[in-house]
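S.K.: Here you go, sequence then predicted model.
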Amino acid sequence: MKPLQLEDVVIGQYKSHTRGGITYPAYTDDKTVPRDSLTPTFAAAALFIDNARWDGVPFLMKAGKALHTKRTEIRVQFRHVPGNLYRSFGTDLDRTTNELVIRVQPDEAIYLKINNKIPGLGMRLDRSNLNLLYAARYKHKFQVYNQN
């Protein structure tokens with residue numbers, strides 16, 4: 001692993017906000033936290049492996065407190081290939097990244113987000129999800145496991 005560089009790190013602290021008519025307090029609104037606290041409650045870092053195979057490939061690590069969702073997952077976003085046939089047809093490549101997601105918790109799952117051409121003469125892409133949700137696929141084993 002290459003040494004972590006300051007420009008590859010982002011830290012922050014959550015502030016109060018309103019969502020769906022509910023107001024959520026800021027980190028410093030907690031009575032146990034000093035009002036002038038600069039303690040980060042979120043961190044993201046791009047890590048790089050120092051070998052030829054992974055040269056230039058960022059491994060993004062993110063963690064935070066009071067995020068919108070509580071989950072642990074590994075996401076592998078695949079690079080765009082050179083000479084993409086759909087580039088000239090107005091496809092938004094940022095929205096069409098193929099991605100493998102391994103969700104560790106909650107609701108263990110493995111799913112693959114892939115782009116496929118819509119059948120026919122047109123040159124349009126559609127996004128499809130191939131999904132293995134363990135609780136749905138192995139209902140009987142999850143019921144036995146959760147009873148123990």
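M.R.: Arrived safely, thanks for sending. Residues are numbered from 1 along each chain as shown.

S.K.: residues near Ile102, how many?
M.R.: For Ile102, the count of nearby residues is 14 (other Cβ atoms under 10 Å). Every C-beta, even on glycine, is put in place using the N, C-alpha and C of the backbone.

S.K.: contacting residues around the residue lying closest to it once chain neighbours are set aside?
M.R.: Closest residue to Ile102 in three dimensions, ignoring its sequence neighbours and counting by Cβ to Cβ, 6 or more residues apart in numbering: Ile74, at 4.5 Å. The neighbourhood of Ile74, defined by Cβ atoms under 8 Å, 6 or more residues apart in numbering, consists of 101-102, 104.

S.K.: and the gap between Glu108 and Ile74?
M.R.: Distance of Glu108 to Ile74, given as Cβ to Cβ, to the nearest Å: 12 Å.

S.K.: got any residues that touch both of the two?
M.R.: Common neighbours of Glu108 and Ile74 (Cβ under 8 Å, 6+ apart) do not exist.

S.K.: Wait, a helix at Asn116?
M.R.: No - read with DSSP: H, G, I helix; E, B strand; the rest coil, Asn116 is strand and lies in no helix.

S.K.: which residues does His17 bridge with?
M.R.: Tyr24 (DSSP bridges).

S.K.: how deep is it tucked in, by neighbour count?
M.R.: Counted with other Cβ under 10 Å, His17 comes out at 10.

S.K.: Then Tyr27?
M.R.: 18.

S.K.: so who does the closest residue to Lys65 other than its chain neighbours touch?
M.R.: Excluding the flanking residues, the one nearest Lys65 by Cβ to Cβ, 6+ apart is Thr41, at 4.3 Å. With contact taken as Cβ under 8 Å, 6+ apart, Thr41 is in contact with 12-14, 27, 64-66.

S.K.: Understood, closing this out.
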